[in-house]
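Chemist: Here is the input, now give the coordinates:
(one chain, ligands or ions: 1)
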Amino acid sequence: MLRRRLSSLFRRANVAFFSQSSPGSGSLDVAENLNSRIVIPNKQRKRVKPGVISRELALPKNTKRPMYARETVRGTPEQPLEPQVHDEHDRKSMRTSCRLAAQVLEYAGTLVKPGVTTDYIDRQAHKLIMNSGAYPSPLRYARFPKSICTSVNDVICHGIPDSRPLEDGDIINIDVTVYRSGFHGDTSKTFLCGNVDDELKQLVDVTRECLTMAISICGPGVDYRLIGETINEIADRYNYGIVRDFLGHGIGRYFHSAPAIIPYRNRIPGKMQVGETFTIEPILTTGGTEYQIWNDGWTAVTKDGSYAAQFEHTVLILETGVEILTLPL
Ligand SMILES: [Co+2]
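Modeler: Now for the predicted structure:
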């Protein structure tokens, strides 16, 4: 979950930090091959429509919240421009938060069925997070009103759980971030609801493969940009689009920080370092990659109605390679 405004902040930051080595400053200086890409026309599908958003769920008074969720704090949450690097003690806390996020996600996924509303899934996930002594990081983050994000079909990301019942054949990304003992853990998956078209199943499978392969190349001293390279190469094979405006991010004591983890081909310099935690979260589409935002200020949908799938893990860079922190075991 990295908001568009934030990603543009990182872009500016990247340009500012690297303007000497990156002559194409003012843009991400990425290989633009969108014009040559053949766009697969979508079948006539109904687009997802906004439902009713229920009121904010109760928070026990003693819940330890991140700064941005405290009653007295207003404005944009803090987003450091430094990577978040952890010592042994903090790595342990990250493991705990991330494992809980993964467990909540796994549980939320079991609720995906035709007829179930995303509001119900949110409420159940909220309860589990509360009962685990944690806080649902999205809640009140820049006034996001719910505890998880639920993004169905043509919703790219940041969908707000609402009264829309899931339908047979939907795909739904559930994005869970929890805050526990001062650390955030962030993970998401796209789930299949009932009988899903083979064409859409492939989109989901390929997006999962993109994340898996991207993680496999991570390690100390590796260029961040190889993540984008790896994902782009796989997406190209299937002619899928990669959404360009929502990026992975550093995570730890802060929900979002540098570096921006760009999921497509780019030339932004920077190397992974030992003890660093960040997310990788590619979003692939069956067609175009342009987006628009609903009036709720959050829900990002594809402009052309293409379906979108996303997978996300939080990873830790180790001396010996990489550890996926957001696994449920
Ligand atoms: Co995220």
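Chemist: element containing the nearest residue to Pro282 once chain neighbours are set aside, please.
Modeler: Taking CB to CB, 6 or more residues apart in numbering as the measure, Pro282 lies nearest to Pro263, with 3.9 Å between them; neighbours along the chain are not counted. From N, CA and C alone the C-beta is placed, and that goes for glycine too. Under the criterion DSSP states H and E, no helix or strand holds Pro263.
Chemist: close enough to count as contact, Pro263 and Glu281?
Modeler: Yes: contact status for Pro263 versus Glu281: in contact at 7.0 Å, counting by CB atoms under 8 Å.
Chemist: Which neighbours do these two have in common?
Modeler: Contact criterion CB atoms under 8 Å, 6 or more residues apart in numbering; residues shared by Pro263 and Glu281: 247-248.
Chemist: Now do the helices in the stretch 151-300 of the chain.
Modeler: Ranges of helices in the stretch 151-300 of the chain, per DSSP state H, counting those that start in this stretch, are 198-216, 225-237.
Chemist: Arrange these in CSV, one row each, with mean neighbour count and distance to Tyr141 as further columns.
Modeler: Output for these, formatted as CSV (neighbours: other CB atoms under 10 Å; distance: least, CB to CB, whole Å):
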stretch, mean neighbour count, distance to Tyr141
helix 198-216, 18, 23
helix 225-237, 20, 24
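Chemist: With distance to the ion as added columns, please give those in a markdown table.
Modeler: Supplementary listing: the helices of the stretch 151-300 of the chain in a markdown table, determined by distance: least, CB to the ion, whole Å:
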| stretch | distance to the ion |
| --- | --- |
| helix 198-216 | 12 |
| helix 225-237 | 14 |
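Chemist: can you put those in TSV and add distance to Cys157 and mean pLDDT?
Modeler: What follows is these, written out as TSV (distance: least, CB to CB, whole Å; pLDDT from 0 to 100):
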stretch	distance to Cys157	mean pLDDT
helix 198-216	12	98
helix 225-237	16	98
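Chemist: Ok, which of those comes nearest Arg99?
Modeler: For the helices of the stretch 151-300 of the chain, the distance to Arg99 is smallest for helix 198-216, at 16.4 Å, taking CB to CB.
Chemist: Report the residue spans of the stretch 151-300 of the chain with pLDDT below the cut-off.
Modeler: For the stretch 151-300 of the chain, no stretch has pLDDT under 70.
Chemist: That one against the ion: which residues are in contact?
Modeler: When proximity is defined as CB under 5 Å from the ion, the stretch 151-300 of the chain approaches the ion at 186, 279.
Chemist: where exactly do the strands run in the stretch 151-300 of the chain?
Modeler: In chain order, the stretch 151-300 of the chain shows strands spanning 155-157, 171-180, 183-192, 241-242, 248-250, 257-261, 277-280, 283-285, 291-293, 300-302, with DSSP state E, counting those that start in this stretch as the criterion.
Chemist: Can you tell me which residue of the stretch 51-200 of the chain sits closest to the ion?
Modeler: Per CB to the ion, the residue of the stretch 51-200 of the chain with the smallest distance to the ion is Asp186, at 4.2 Å.
Chemist: who's that residue bridged to?
Modeler: Thr177 (DSSP bridges).
Chemist: quick one, what contacts it?
Modeler: When the contact criterion is CB under 8 Å, 6+ apart, the partners of Asp186 are 1, 98, 101, 137, 175-177, 251, 255, 279, 312, 314, 326.
Chemist: same thing but at 6 Å, please
Modeler: Taking CB atoms under 6 Å, 6 or more residues apart in numbering as the definition of contact, the neighbours of Asp186 are 177, 251, 279, 314.
Chemist: hang on, the earlier thing: out of the strands of the stretch 151-300 of the chain, the one nearest Thr63 is which?
Modeler: That would be strand 171-180 among those, by CB to CB, at 9.4 Å.
Chemist: which one of the contacts of Asp186 is nearest the ion?
Modeler: The nearest member of these to the ion, counting by CB to the ion, is Thr279 at 4.3 Å.
Chemist: can you count the residues close to the closest one?
Modeler: 25 (other CB atoms under 10 Å).
Chemist: Tell me the spacing between it and Lys113.
Modeler: Between Thr279 and Lys113 the computed distance is 28 Å (CB to CB, to the nearest Å).
Chemist: do Asp154 as well
Modeler: With the distance defined as CB to CB, Asp154 ends up 20 Å from Lys113.
Chemist: Please say which of the two ends up with more neighbours.
Modeler: Asp154 (24 against 13).
Chemist: Cheers, nothing more for now.
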